[in-house]
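[1] after the sequence you'll find the predicted model.
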Amino acid sequence: MMDVYKNIMILGGSEMKICTILLIALHIKMLYVPTYSYADIAQPTDIREGQIVCIPIYLDQQDIDIIGIDITIHYSSLFLVFSKISLRGGFLEREYSLTIGNQITDEISLGIYATGGIRKGTGSIAKLYFICKGNHNDQGNISIKKFLVNDLYAKGGLVWKNFCSTQLDFAVKKCTLADVINGLQILIGFQSITNWVDMNGNEWPGIDDVLQLIIQSAITNSESLYDKQKDY
């Protein structure tokens with residue numbers, strides 16, 4: 001990082017100001033620790049047909065050495081298909097290993113255990129990925145049925161938007177042209193990021209989300225046209 005600062009110092013006035021601002025923004029992002037509003041059950045929220053739904057598991061365990069974590073997740077398989085779970089990006093990524101139990105209908109059991117060191121702290125420990133295969137107006141939820149750290153009840157939950165809860169309720173909606181326009185407006189700064197539809201589950205707005213919205217919207221429109229033709 002010091003080499004970066006040295007290179008900035010040889011730049012001219014306006015260029016130096018721009019680079020300095022970018023570095024300040026980078027440091028803020030690196031130091032930022034997200035906080036969430038806790039709720040027993042978060043307010044129902046809409047997801048789109050074909051969307052990859054990314055659900056971080058959040059742990060708030062500042063005062064205890066984390067040796068092992070045991071979690072059981074329940075989900076509505078009528079409209080969600082479990083894709084994968086990953087420790088990547090979480091604060092236990094390097095020193096801990098992940099094990100996944102035998103999957104049964106609507107349920108995932110997993111363990112996260114120390115293998116290269118012991119940590120304590122607060123933040124995301126893993127991310128669940130589901131694919132929304134439901135139809136318009138289908139409803140369901142994802143919930144934590146067991147959340148233990150060192151065989152003791154853990155504080156935390158599932159994260160969606162700015163909420164952390166033990167249960168997240170969802171309703172499936174069709175992708176529309178309005179979603180596409182909204183996605184483009186977010187990319188150019190005309191809309192708040194809170195309205196963004198994360199179609200690819202990468203937790204950051206991108207042109208790939210808009211492209212997926214266009215594809216899914218076209219599929220929706222073609223299905224609607226086919227249904228109308230059948231009615232004649």
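    Done, it's in.
[2] quick one: the helices in the protein, in order.
    With helices called from DSSP state H, the chain shows them at 2-9, 13-31, 177-187, 207-231.
[3] can I get the third one in PDB, CA atoms only?
    Yep, that's helix 177-187 we're talking about. Below are the C-alpha coordinates for helix 177-187, written out as PDB (Å, rounded to 0.1, in the frame of the first residue of the first chain):
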ATOM      1  CA  LEU A 177     -39.500  -4.900 -18.100                       C
ATOM      2  CA  ALA A 178     -39.800  -2.700 -15.100                       C
ATOM      3  CA  ASP A 179     -37.100  -4.800 -13.400                       C
ATOM      4  CA  VAL A 180     -34.800  -4.400 -16.400                       C
ATOM      5  CA  ILE A 181     -35.300  -0.600 -16.400                       C
ATOM      6  CA  ASN A 182     -34.700  -0.400 -12.600                       C
ATOM      7  CA  GLY A 183     -31.500  -2.400 -13.000                       C
ATOM      8  CA  LEU A 184     -30.200  -0.100 -15.600                       C
ATOM      9  CA  GLN A 185     -31.100   3.000 -13.500                       C
ATOM     10  CA  ILE A 186     -29.200   1.500 -10.500                       C
ATOM     11  CA  LEU A 187     -26.100   0.900 -12.700                       C
END
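[4] these two touch, right, Ile142 and Leu168?
    Yes. Taking C-beta atoms under 8 Å as the definition, Ile142 is a contact partner of Leu168 at 5.0 Å. Placement of C-beta: from N, CA and C, glycine included.
[5] which neighbours do the two share?
    Counting by C-beta atoms under 8 Å, 6 or more residues apart in numbering, the contacts common to Ile142 and Leu168 are 55, 158.
[6] neighbour count for the two, which is higher?
    The neighbour count for Ile142 versus Leu168, taken as other C-beta atoms under 10 Å, is higher for Leu168 (27 against 23).
[7] so what pairs up with the residue most central in space within the chain in the strands?
    Nearest residue to the geometric centre of the chain (C-alpha atoms, centre = their mean): Cys54, 3.6 Å. Judged by DSSP bridges, the bridge partners of Cys54 are Tyr129.
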